[in-house]
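J.: Sequence first, predicted coordinates after that:
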Amino acid sequence: MSSMAKQAPQRVGVLQGTLDMLILRTLLYGAAHGHQIGKHIQRTTNEFLQMQHGSLYPALHRLEKRGWVVSKWETAPDRNREFKYYRLTEKGRKQLLVEESQWKKMSEAVARIMWPTAEES
Amino acid sequence: MTWWQIRKRDADVERELRSDLELEEEEQRENGVPPEEARYAALRAFGNPTLICEQTSAIWSWNWRESLARDLRFSLRTLRRTPGFTVIAILVMALGIGANVALFTVVRGVLLKPLPFHDPDRLVMLYEAGLQEDDAAGPNVVSGGMYAEWKNQSRSFSSLALAKGIRVGLSGSGGQLPEKLKSALFSWNMLSTLGVQPALGRDFTAADDKPGANGTVLLSWGLWKRRFGGDPAILNQTIDLDAQTYTVIGVMPAWFDFPDSSTQLWTPVYHDKPEDEMTSFSNHMFRVVGRLKPGVSASQSVADLSVISQRIHDAHLNDPFVFRRASSRPLLEHIVGEIKKPLYVLLEATCCLLLIACLNVANLLVARAAARRKELAIRTALGGSWLRLIGERLMECLLLSASGGALGLLLAFAALQWLTRTRLDMTRVESIHIDSVVAAFTVGVIVLCALFSGLIAAFSSSDKSILGALHEASRSVGGNSARASVRKVLLTLEVGLTVTLLIGAGLLVKSYERLRSADMGCLTQDVITMHLGLPDARYATPAQRANFYDALLDRVRALPGVDAAGFATAVPGQGYQTDWSFTIVEHPPLPQGSGLFALSRWADPNYFGAMGIPILRGRTFDRGKRLDAADEVIISQSFANQYFPGEDPLGRHLRARGRNAVIVGMVGDTRYEIGEPPRPVQYYPLAAGIENVGALVIRSSRNLEQFALPVQRIVSEMNPDLPVSDVLTMHELLGQSTVDQSFHTALLVAFATLSLALAGVGLFGVMSYIAAQRKTEIGIRVALGATREQVMRKMLLDGMRPAVFGLVGGLAASLEAGQLMRDLLYEIKPLDPAVYAAVAATLLAVAAFACIVPAWRASRVDPMQALRAE
């Protein structure tokens, strides 16, 4: 472990299947465009989660296609330019709850296997 | 989703990425990165925008369209690069698809489309059956008396109606010549039974259909247009038919052609026919159409009618010609019965042709795949997916077969135009149209062909030995035998199918030749026949008729160039026509319920000489015996054999229709129809003046056509209203009765020739390809001392092998196919050894010819050049 600590802060890609949930959660704060969403996820995790644009945009469009978010071209308040803003829909909110509970169950299950003693004590 | 929507979506994604990328760039600048580096930094952080763009667009799943478009572009480019291949493949497909579409259209129009009548499934054609207890004679047309009984007593039909095709003379009027027309007698309810209304005017009523009623007639659309200028004022006008006056009450729709395709007039049967014919139980002459009541099956109705028939039969035990039972078949089957079998055989032939076309295209594709092997291997090595490659191949085939199909549709259209214009005699020819079902069929065939040839080609090149292919780039001496073997298998199949087609065609050709060379028992050259009918109204007495015949024949014989002239009610080849029952006076009476009958003809004394029918024994009719005194009869040889075995027929007496006639002569057998065996015939003297319709026969060694006009002039001088029709030489008359056979034979021969050509081309292609591939190998062989002859023999044997295998397979398949054609063949067996031998020889000759050029070329290889070429 100690040898690892010497290295530069580690960065990992977003875990398969969690990206949708992270995007939905981010949008809970309000409308945002793709760049903001990516930056938000990166900053909130102290740059631990590295956002790949290559997967971000397809993910956004996938969510839109499923009706969990809607998009609209709007002028950004700080920059005098239009960006494509994504907004959570009611369906998206429900989906977020579903994914959240699934993730909880998943991580608990993983935790039980990985750290069984901790669970017993 | 449409193209512009896809475009819009693409533009939207691009814009989104661009705006976010610019934002990233701005932020990089704000973080102090120099402007010129900011862009690259942003791009680095972002990744490949084009790729992201594509992946994002893919989410919206319009990608398959794009990949389809890409395949299409690519295939078009590939096909354009090899125009020779493309043109040949398209032509081959066009022929295969065109033939199939044309024939399917015919089959659909003629056999599959329901009849244009109301609720046609409930219409049946009814027959009498059971002349003998064992029913050996089969179904027969119905007698007027039995029809009346059926109509009165049966409970199974909502209506029964009756029809009979006849010919009538339409008198000249308004400067138009008199003419003989095909006409039909209908019972008044025939049209309502069929569920058809006249296009103009009214239908017959029960009151029209009585002996004493005024004459009424319905015109066909064609006759109305042609003869009466399509003027509706013809309604309620009168026309003269066989010198009797008829009022035109209506015009039928253009499509209506019952009971015959060239029927021009319809008149009521009970008005036209004498009462004794309408009540007789033994004079069978009518076609009866029944409309089944709802819920009654055809077999129930037949059982119902049979009970009535049996009762009538039992009540007339002394008359041997009252049938015991009824039988029926659907009206559609009655109408198309004759043409069904040949059409299906032809359709099978075109399917074979299409299969051969597909195999040929697949063969060409395999050859090209072989040539493109390196390209494909490189693409696979670079990560091109196997599915994509198959997709491309299929797209290529789809393009080929779609273009071929479009061209084929044009060919089919032209062929059908030609058919409907030249074969007006064909049953239901008017219902042959290219419609939406045919269009759907065409699309189906196109897709099927594309899949078939594409998949064969794709799978033959799907071996994944990329490395092997790339290796071959450096040196290949062994050649690619695996691919050649795929092509050989295809060729074997092709040759097999071709052999089957050739044998089918060969059998038909031979059968047709037999048919045309069948001995009619009379002259078939140097004789011309003309049809004449004397209207009852003008020639009411036997004396009037006999005088007319005498005068006519005298004047015709006086024409220069006439070697002989005669008159008979029917000449050989004109069909069954009439038969008469008779008894032999000198023989003991037959048991009750059995009787004798034979074809009956009336002839003048010179007929036999003019027609070239030999008088084998005795003499012809006595010229001096006329009218009631004409009590002689002449019989044919088979008549004598059948009814006077081991006995001299001359001087015996036949009793028919209540009169005795003495047998004065015996003549040679004739066939009433080409393809039918000779039957016993009894000839009665025309001079009795009984018959009023028949054929004038003129024999001359001069040009026969030149007699048409003088004879017409003679007839019109004798009676200006008398039409002369069907001016045909004996040769033409027989040709007309075999027009179906010659047509089917010609088509099948065409298909077989085409497939032979395709197989030959395929063989040539494969051999050339193998020769080219083995150039180096052959070069080495020659360099090592192989002689040219050895090389050539080896190549020839190599090429002939698929041909021989295909031949054997094809011959085996033909054993089965020949059985299918059994009904179409005349006097030859489906296993005719001569045909099989001829086909085998032809095929081997063509195969050898196709192989010999590539083999010769291979044997000419210059070893130095061949070795250097690698």
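T.: Good, I have the coordinates.
J.: got the contact list for A:K91?
T.: Taking Cβ atoms under 8 Å, 6 or more residues apart in numbering or on different chains, we find A:K91 in contact with A:66-68. From N, CA and C alone the C-beta is placed, and that goes for glycine too.
J.: element containing it, please.
T.: According to DSSP states H and E, A:K91 maps onto helix A:90-114.
J.: before we move on, what about B:E673?
T.: Using DSSP H and E, B:E673 maps to neither a helix nor a strand.
J.: any idea how far B:A357 is from it?
T.: To B:A357, B:E673 is 38 Å away according to Cβ to Cβ, to the nearest Å.
J.: got it, and B:I674?
T.: Between B:I674 and B:A357 the computed distance is 36 Å (Cβ to Cβ).
J.: Could you do B:Y672 as well?
T.: For B:Y672 relative to B:A357 (Cβ to Cβ), the value is 43 Å.
J.: Chain neighbours aside, what residue packs nearest to the residue nearest the centre of chain A?
T.: Geometric centre of chain A, nearest residue: A:L22, 2.0 Å, by Cα atoms, centre = their mean. Leaving aside its sequence neighbours, A:L22 sits nearest to A:I41 (Cβ to Cβ, 6 or more residues apart in numbering or on different chains; 5.5 Å).
J.: Tell me, how many residues neighbour that neighbour?
T.: Neighbour count for A:I41, taken as other Cβ atoms under 10 Å in any protein chain shown: 21.
J.: My understanding was that it contacts A:Q50; is that so?
T.: No: judged on Cβ atoms under 8 Å, A:I41 makes no contact with A:Q50 at a distance of 9.2 Å.
J.: other SSEs contacting the strand or helix carrying B:E27?
T.: For B:E27, the element it lies in under DSSP H and E is helix B:3-30. With contacts defined as 3 or more Cβ pairs under 8 Å, 6 or more residues apart in numbering or on different chains; DSSP states H and E, helix B:3-30 has these neighbours: strand A:32-33, helix A:34-44, helix A:53-66, strand A:82-88, helix B:35-46, helix B:49-59.
J.: So what does B:S581 look like in phi/psi?
T.: The phi/psi pair for B:S581 (degrees, to the nearest 10) reads phi -80, psi 150.
J.: so B:P535 touches B:K180, yeah?
T.: No: in this structure, B:P535 is not within contact of B:K180 by Cβ under 8 Å, at 10.9 Å.
J.: what do those two both touch?
T.: B:G169.
J.: pLDDT averaged over the helix holding B:E27, what's the number?
T.: Averaging pLDDT along helix B:3-30 yields 80.
J.: do the same with stretch B:358-370
T.: Computed over stretch B:358-370, the average pLDDT equals 77.
J.: then that stretch to PDB, C-alphas only?
T.: Extracted in PDB, the C-alpha atoms of stretch B:358-370 (Å, rounded to 0.1, in the frame of the first residue of the first chain):
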ATOM      1  CA  CYS B 358     -28.700 -18.200 -60.000                       C
ATOM      2  CA  LEU B 359     -26.000 -21.000 -60.000                       C
ATOM      3  CA  ASN B 360     -24.300 -19.300 -62.900                       C
ATOM      4  CA  VAL B 361     -24.200 -15.900 -61.200                       C
ATOM      5  CA  ALA B 362     -23.000 -17.600 -58.000                       C
ATOM      6  CA  ASN B 363     -20.300 -19.200 -60.100                       C
ATOM      7  CA  LEU B 364     -19.300 -15.900 -61.500                       C
ATOM      8  CA  LEU B 365     -19.200 -14.400 -58.000                       C
ATOM      9  CA  VAL B 366     -17.100 -17.200 -56.600                       C
ATOM     10  CA  ALA B 367     -14.700 -16.700 -59.500                       C
ATOM     11  CA  ARG B 368     -14.500 -13.000 -58.700                       C
ATOM     12  CA  ALA B 369     -14.200 -13.600 -55.000                       C
ATOM     13  CA  ALA B 370     -11.200 -15.800 -55.900                       C
END
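J.: In a strand, B:R155, correct?
T.: No: counting by DSSP: H, G, I helix; E, B strand; the rest coil, B:R155 is not part of a strand but coil.
J.: Setting aside sequence-adjacent positions, which residue approaches the residue nearest the centre of chain B most closely?
T.: Compute the mean C-alpha point of chain B, and by Cα atoms, centre = their mean the closest residue is B:L343, 4.4 Å away. Distances taken as Cβ to Cβ, 6+ apart place B:V107 nearest to B:L343, at 5.3 Å, with adjacent residues excluded.
J.: Read off the pLDDT value for that neighbour.
T.: 84.
J.: How about the one 5 residues further on?
T.: Per-residue confidence (pLDDT) for B:L112: 78.
J.: Tell me how far it lies from B:L347.
T.: Distance, B:L112 to B:L347, using Cβ to Cβ: 11 Å.
J.: Give me the common contacts of these two.
T.: By Cβ under 8 Å, 6+ apart, B:L112 and B:L347 have no common neighbours.
J.: neighbour-wise, which of the two wins?
T.: Here B:L112 and B:L347 are compared on neighbour count by other Cβ under 10 Å; more neighbours surround B:L347, at 17 against 12.
J.: Tell me, please, the helix or strand in chain B that averages the lowest pLDDT.
T.: helix B:466-472 (a mean of 56; mean pLDDT, DSSP states H and E).
J.: Can you give the domain ranges for chain B?
T.: What automatic domain parsing lists as the domains of chain B is B:3-61, B:65-118+B:339-474, B:141-322, B:539-718.
J.: ok and the helix holding A:K91 relative to strand A:82-88, angle-wise?
T.: Orientation of helix A:90-114 against strand A:82-88 (axes from the mean of the first three to the mean of the last three Cα atoms, to 10 degrees) gives an angle of 70 degrees.
J.: Hey, what's the angle from helix A:90-114 to helix A:53-66? Just curious.
T.: Interaxial angle of helix A:90-114 relative to helix A:53-66 (the same axes, to 10 degrees): 130 degrees.
J.: Any residues of chain A in contact with chain B? List them.
T.: Contact residues, chain A versus chain B (Cβ under 8 Å from any Cβ of the partner chain): A:33-35, A:52-54, A:57-58, A:60-62, A:65, A:79, A:81-84.
J.: Buried only: go through those for me.
T.: Buried members of those, scored by 16 or more other Cβ atoms under 10 Å in any protein chain shown, are A:33-35, A:52-54, A:57-58, A:60-62, A:83-84.
J.: May I see the residues you listed organised as JSON lines, with distance to B:L508 added?
T.: Output for these, formatted as JSON lines (distance: Cβ to Cβ, whole Å):
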{"residue": "A:H33", "distance to B:L508": "78"}
{"residue": "A:G34", "distance to B:L508": "75"}
{"residue": "A:H35", "distance to B:L508": "79"}
{"residue": "A:Q52", "distance to B:L508": "73"}
{"residue": "A:H53", "distance to B:L508": "73"}
{"residue": "A:G54", "distance to B:L508": "69"}
{"residue": "A:Y57", "distance to B:L508": "69"}
{"residue": "A:P58", "distance to B:L508": "65"}
{"residue": "A:L60", "distance to B:L508": "71"}
{"residue": "A:H61", "distance to B:L508": "66"}
{"residue": "A:R62", "distance to B:L508": "65"}
{"residue": "A:F83", "distance to B:L508": "79"}
{"residue": "A:K84", "distance to B:L508": "74"}
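J.: Now pLDDT too, for these, in JSON lines please.
T.: As requested, those are arranged in JSON lines below (pLDDT from 0 to 100):
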{"residue": "A:H33", "pLDDT": "87"}
{"residue": "A:G34", "pLDDT": "86"}
{"residue": "A:H35", "pLDDT": "85"}
{"residue": "A:Q52", "pLDDT": "71"}
{"residue": "A:H53", "pLDDT": "72"}
{"residue": "A:G54", "pLDDT": "72"}
{"residue": "A:Y57", "pLDDT": "85"}
{"residue": "A:P58", "pLDDT": "82"}
{"residue": "A:L60", "pLDDT": "87"}
{"residue": "A:H61", "pLDDT": "86"}
{"residue": "A:R62", "pLDDT": "85"}
{"residue": "A:F83", "pLDDT": "87"}
{"residue": "A:K84", "pLDDT": "87"}
